[in-house]
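> sequence first, predicted model second:
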Amino acid sequence: MIGLLAATAAGRRAAADLAGRLPDARQYEGPVGVELPRAFAECDRLVVFLAVGATVRLLAPLLRDKAGDPGVVCVDEAGRFAVPVLGGHAGGANELADRIGELLGAVPVSTTATDAAGIPGLDTLDPLGWTAEGEVAAVTRAVLDGDPVRLVADRRYPLPALPANVREDAAPGAPVLRVSDRTAAVESAGAPVLTLRPRDLVVGVGASRGASAEEITALVDSVLAEAGLSRRSVTALATVDAKAEEPGILAAAEALGVRLVTHPAEALASIEVPNPSDAPLAAVGTPSVAEAAALATAPGGELLVPKRKSAPAEAGAAPMATAAVARRPVRGRLALVGLGPGARDLLTERARNELRRASVVVGLDQYLDQIRDLLRPGTRIESTGLGAEEARARSAVRLAQQGHAVALIGSGDAGVYAMASPALAEAGDDIDVVGVPGVTAALAAGSLLGAPLGHDHVSISLSDLHTPWEVIERRVRAAAEADLVVTFYNPRSRGRDWQLPKALAILSEHREPAATPVGVAHSVSRPDEWHTVTTLAEVDVRTVDMTTVVVVGNTASRRIAGRFVTPRGYRWQS
Ligand code: SAH
């Protein structure tokens with residue numbers, strides 16, 4: 001729950017406004033001095049409409065520890081700033097300040113060092129959802145100060161970019177940033193160690209009806225401890241469908257803070273395991289539950305700990321549970337990110353996040369220049385010139401296969417006449433692929449020209465570099481006959497100047513040239529943007545170049561007040 005407190009009428013009004021818009025919020029109406037201690041005990045997060053100084057004085061006697069204290073955000077009376085003062089990362093105050101920023105139009109003011117410097121908050125490494133343990137503050141400090149920090153990773157995990165001072169070959173006495181699911185200590189010559197726990201372990205469990213949560217949890221803990229594996233690296237418990245409602249298993253998953261994944265008995269029966277047995281075959285229809293469920297939830301992974309039986313709760317009783325541990329293979333990540341037509345405010349937030357999530361960014365020089373300032377320090381950049389599409393696609397996929405977090409970028413939408421298809425043609429099922437849609441040129445141009453795409457429409461590229469002209473011409477003709485609005489991409493370049501006039505002539509055979517609107521939109525959303533709405537009869541193709549799209553209306557499209565409008569076909573307008 002989010003507690004809202006205010007000291008003045010203006011603050012109370014803002015608090016009431018927020019209370020109505022934040023679903024899990026509650027307003028404390030009494031005097032702040034009285035209500036704050038109560039709210040501090042009752043809520044996970046607080047928003048205080050009060051000066052930071054006054055809030056700090058009230059909070060001071062209440063502070064206990066970083067893990068348990070609520071996150072606190074102060075907002076000034078005028079609602080201009082939202083300042084996380086306590087629990088920026090762990091307490092969720094940074095995230096809450098961002099949310100309030102959006103709701104109230106306030107600027108979130110974060111002072112947690114790692115965010116301010118554009119370095120992943122090492123104590124959360126948010127994009128991965130991993131936990132950090134050990135000497136978080138000391139190692140984060142060293143990272144920020146630019147001191148050498150030694151990166152020790154058991155495997156090549158798809159980490160976001162880390163600054164250049166964090167490297168595998170740093171001297172042995174340097175502070176250590178370690179990525180491992182193992183509990184064994186790492187050799188650090190006394191230097192501080194921060195360990196990130198990748199979530200890559202799956203514990204398969206089998207249980208007889210009525211097995212207690214204690215017996216299962218104790219078994220899971222001892223299996224992990226004996227194998228030297230961290231509980232924090234467990235991402236799921238897994239079992240057979242028939243045990244999906246078994247209370248002891250559900251409670252054990254909750255105690256571990258992980259989800260429960262279940263599989264049909266037939267699926268488990270088909271998995272080869274080291275220790276099949278008759279008892280589960282008779283009970284639930286598969287010779288293995290723990291080992292098979294662990295492996296089924298970690299496809300392509302390895303079984304680290306074969307099946308073990310629980311210690312019965314009472315001496316002489318039969319063991320009620322079994323457990324086995326599998327590790328998921330590391331999967332690299334390929335994000336296909338569309339940057340939009342050019343302007344920064346047409347780049348989606350998701351695209352921005354993916355750029356910051358990546359450790360390698362692959363793309364054309366000109367697009368890289370467009371977003372270089374958004375990348376984390378230390379991001380590796382693989383830029384290529386025009387024409388190297390295939391090499392670019394291949395290199396992005398190869399880097400992801402090596403376990404990196406790669407962003408392959410393109411203008412507009414990455415899937416529209418762009419890199420997504422050549423990349424996915426190369427990619428296997430051994431990497432994770434994430435697509436981020438972008439505002440494609442046709443849409444950006446459309447909103448500039450008016451509403452040209454109000455009815456059925458098609459995009460056609462006039463580039464005959466990779467497509468024979470006969471094919472292009474056939475498509476233009478089909479669009480003409482079908483009375484579709486057409487957006488031409490790659491319409492005209494110095495060496496390709498006859499294709500556009502030809503395409504427009506084909507359309508003119510099926511539409512009245514003097515009455516059919518044509519929109520020409522150049523460098524949409526960039527500094528040299530211009531556009532014009534004319535007609536098929538009057539369009540001057542010499543103004544068209546490769547950073548232009550040309551939109552041709554259908555037989556119902558009209559020029560209205562200088563704008564290009566394709567009617568939606570509503571009866572009330574005819
Ligand atoms: N993936 C891009 C398209 C790449 S093909 C997208 O989704 O927009 C390149 C063509 O797109 C250019 O020749 C031009 O026709 C068009 N284009 C891309 N950006 C443009 C912009 N800002 N303004 C006008 N046309 C643009």
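Thanks, I have the structure now.

> got the residues of this structure near the ligand?
341-342, 410-413, 416-418, 440-441, 445, 489-491, 521, 523-526, 546-549 (CB under 6 Å from any ligand atom). (C-beta placed from N, C-alpha, C; glycine too.)

> residue 382: what's its closest spatial neighbour, skipping adjacent residues?
The shortest distance from residue 382 to any non-neighbouring residue, by CB to CB, 6 or more residues apart in numbering, is to residue 362 (4.5 Å).

> those strands in the stretch 1-150 of the chain, which residues are they?
2-6, 25-28, 45-49, 71-75, 81-86, 107-108, 131-134, 149-153 (DSSP state E, counting those that start in this stretch).

> what mean pLDDT does the third one get?
In this model, strand 45-49 carries a mean pLDDT of 95.

> now do the fourth one
Average pLDDT, strand 71-75: 96.

> list the residues that contact residue 241.
262, 263, 264, 265 (CB atoms under 8 Å, 6 or more residues apart in numbering).

> quick check, nearest of those to residue 14?
residue 262 (46.5 Å; CB to CB).

> go ahead and name everything in contact with the one helix or strand the closest one maps to.
In the assignment (DSSP states H and E), residue 262 maps to strand 259-263. With contacts defined as CB under 8 Å, 6+ apart, strand 259-263 is touched by 202, 236-241, 243-244, 249-250, 253, 292-293, 296-297.

> could I get the CA-only coordinates of whichever helix or strand comes after that strand as CSV?
Where DSSP H and E defines the elements, the next helix or strand beyond strand 259-263 is helix 265-269. Only the C-alpha atoms of helix 265-269 are listed here, as CSV (Å, rounded to 0.1, in the frame of the first residue of the first chain):
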residue,chain,number,x,y,z
ALA,A,265,2.8,-36.4,-17.1
GLU,A,266,3.2,-37.5,-20.8
ALA,A,267,5.7,-34.7,-21.4
LEU,A,268,7.7,-35.7,-18.3
ALA,A,269,7.6,-39.4,-19.3
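
> for the residue in the chain that the ligand sits nearest to, what are phi and psi?
In the chain, the residue that lies nearest the ligand is residue 412 (2.0 Å; CB to the nearest ligand atom). The phi/psi pair for residue 412 (degrees, to the nearest 10) reads phi 60, psi -130.

> my guess is it meets residue 341, correct?
Yes: counting by CB atoms under 8 Å, residue 412 touches residue 341, with 5.9 Å between them.

> intersection of neighbour lists for these two?
439, 440, 441, 444.

> greatest separation within these: which pair is it?
Every pair of the shared contacts of residue 412 and residue 341 checked by CB to CB; the farthest is 439 and 441, at 8.3 Å.

> between the two, which contacts overlap?
Common neighbours of residue 439 and residue 441 (CB under 8 Å, 6+ apart) are 341, 412.

> so which residues make contact with the helix or strand containing residue 383?
Residue 383 is part of strand 380-384 when elements are defined by DSSP H and E. Residues from elsewhere that reach strand 380-384 (CB under 8 Å, 6+ apart): 161, 359-365, 368, 372, 375, 391-392, 395-396, 399.

> among the residues you listed, name the ones in helices.
365, 368, 391, 392, 395, 396, 399 (DSSP state H).

> filter those residues down to the buried ones and express that as a ChimeraX selection.
Filtering the ones in helices among the contacts of strand 380-384 down to the buried ones (16 or more other CB atoms under 10 Å) takes a single ChimeraX command:
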select :368,392,395,396,399
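
> Throw the ones in helices among the contacts of strand 380-384 into JSON lines and include pLDDT, thanks.
Converted to JSON lines, the ones in helices among the contacts of strand 380-384 look like this (pLDDT from 0 to 100):
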{"residue": "365", "pLDDT": "87"}
{"residue": "368", "pLDDT": "90"}
{"residue": "391", "pLDDT": "86"}
{"residue": "392", "pLDDT": "88"}
{"residue": "395", "pLDDT": "93"}
{"residue": "396", "pLDDT": "96"}
{"residue": "399", "pLDDT": "95"}
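
> if we can go back for a sec, for the contacts of strand 380-384, work out which two are farthest apart.
By the measure CB to CB, 161 and 391 form the most distant pair in those, at 22.3 Å.

> related to what we said a few turns ago, mean pLDDT for the strands of the stretch 1-150 of the chain: which is lowest?
Mean pLDDT is lowest for strand 131-134 among those, at a mean of 87.

> so for stretch 454-472, mean pLDDT?
Mean per-residue pLDDT for stretch 454-472: 95.

> nearest to residue 315 among the ones in helices among the contacts of strand 380-384?
residue 399 (56.3 Å).

> quick one, what contacts that closest one?
For residue 399, the contact set (CB under 8 Å, 6+ apart) comprises 332, 360, 362, 382, 406.

> just flag the most distant two among those residues.
332 and 382 (14.4 Å).

> give the residue from the two that has the larger number of neighbours.
Between residue 332 and residue 382, counting by other CB atoms under 10 Å, residue 332 is the more crowded of the two (23 against 16).

> any chance you could map the helices in the stretch 1-150 of the chain?
Assigned by DSSP state H, counting those that start in this stretch, the helices in the stretch 1-150 of the chain fall at 9-21, 32-42, 52-59, 93-104, 113-116, 136-145.

> make CSV out of the ones you listed and add mean neighbour count and mean pLDDT.
Output for the helices of the stretch 1-150 of the chain, formatted as CSV (neighbours: other CB atoms under 10 Å; pLDDT from 0 to 100):
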stretch, mean neighbour count, mean pLDDT
helix 9-21, 16, 90
helix 32-42, 16, 94
helix 52-59, 16, 94
helix 93-104, 20, 90
helix 113-116, 16, 66
helix 136-145, 19, 86
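
> same list (the contacts of residue 399) but as CSV, adding pLDDT.
Output for these, formatted as CSV (pLDDT from 0 to 100):
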residue, pLDDT
332, 94
360, 96
362, 95
382, 89
406, 97
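
> could you say which helix or strand holds residue 443?
Counting by DSSP H and E, residue 443 is part of helix 441-449.

> and the next element down the chain from that helix?
From helix 441-449 onward toward the C-terminus, using DSSP H and E, the following helix or strand is strand 450-451.

> list of residues touching that next one?
Defining contact as CB under 8 Å, 6+ apart, one finds that strand 450-451 is touched by 519, 533, 560, 563, 564, 565, 566.

> ok, back up a step: give the buried residues for the strand holding residue 383.
382, 383.

> partners of that strand in the sheet?
If you go by DSSP bridges, strand 380-384 pairs up with strand 360-364 (parallel).

> would you map the strands across the stretch 201-350 of the chain?
Shown for the stretch 201-350 of the chain, the strands assigned by DSSP E, counting those that start in this stretch span residues 201-207, 234-240, 259-263, 302-309, 321-327, 333-338.

> the inter-axis angle of the fourth one versus strand 201-207?
Right, the one you point to is strand 302-309. 30 degrees (axes from the mean of the first three to the mean of the last three CA atoms, to 10 degrees).

> next one: the second one
Angle, strand 234-240 to strand 201-207, by the same axes, to 10 degrees: 30 degrees.

> and the angle for strand 234-240 with strand 259-263?
Using the same axes, to 10 degrees: strand 234-240 against strand 259-263 is 30 degrees.

> check the longest one too.
The directions of strand 302-309 and strand 259-263 differ by 90 degrees, with the same axes, to 10 degrees as the criterion.

> packing partners of strand 302-309?
Contacts defined by 3 or more CB pairs under 8 Å, 6 or more residues apart in numbering; DSSP states H and E place strand 302-309 against helix 213-227, helix 290-297, strand 321-327.
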